[in-house]
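J.: Sequence below, structure please.
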Amino acid sequence: MESAALVEQVLKEITDSLERGENVKLASFGTFLVPKKGSRPGRNPQTGEEVLITPRRVIFFKPSGMLIQRLADADHQPRNAGESARIDPTLAE
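T.: Now for the predicted structure:
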């Protein structure tokens, strides 16, 4: 139960930081970025009417090189049908 509480606390800290507009970097995993998008012209797909899309914050995830490499390596390893994903403890390094 303590581990679940710890995970919830970490996720809350990440969420709070993103809400404040701060980028969050998780070593060996990646970075959550919160850029601001300015207003821009758009089009209503149903009517074709031009509309102004208001400025807003968005969230992007940029995976680390290590995560990209691990996923690429995993693509070359056969997986048994029905096998669920497991968390690899070496990811915490």
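
J.: Mind giving me the packing neighbours of the longest helix belonging to the chain?
T.: The helix spanning the most residues in the chain, taking DSSP state H as the definition, is helix 2-19. Packing partners of helix 2-19 (3 or more C-beta pairs under 8 Å, 6 or more residues apart in numbering; DSSP states H and E): strand 24-26. For glycine as for every other residue, the C-beta is placed from the backbone atoms N, C-alpha and C.

J.: Please report the distance of the residue positioned nearest the centre of the chain from L18.
T.: By C-alpha atoms, centre = their mean, the mean C-alpha position of the chain lies nearest to F61, the distance being 3.9 Å. F61 is 11 Å from L18, where distance means C-beta to C-beta, to the nearest Å.

J.: Now do the shared contacts for the two.
T.: Taking C-beta atoms under 8 Å, 6 or more residues apart in numbering as the contact rule, F61 and L18 both touch F32.

J.: Confirm that P45 lies within a helix, as I assumed.
T.: No: secondary structure assignment places P45 outside any helix; it is coil (DSSP: H, G, I helix; E, B strand; the rest coil).

J.: For burial, what's the neighbour tally of it?
T.: Close neighbours of P45, defined as other C-beta atoms under 10 Å, add up to 7.

J.: still on that earlier bit, so what's the residue nearest to the centre of the chain up against?
T.: Per C-beta under 8 Å, 6+ apart, neighbours of F61: 30-33.
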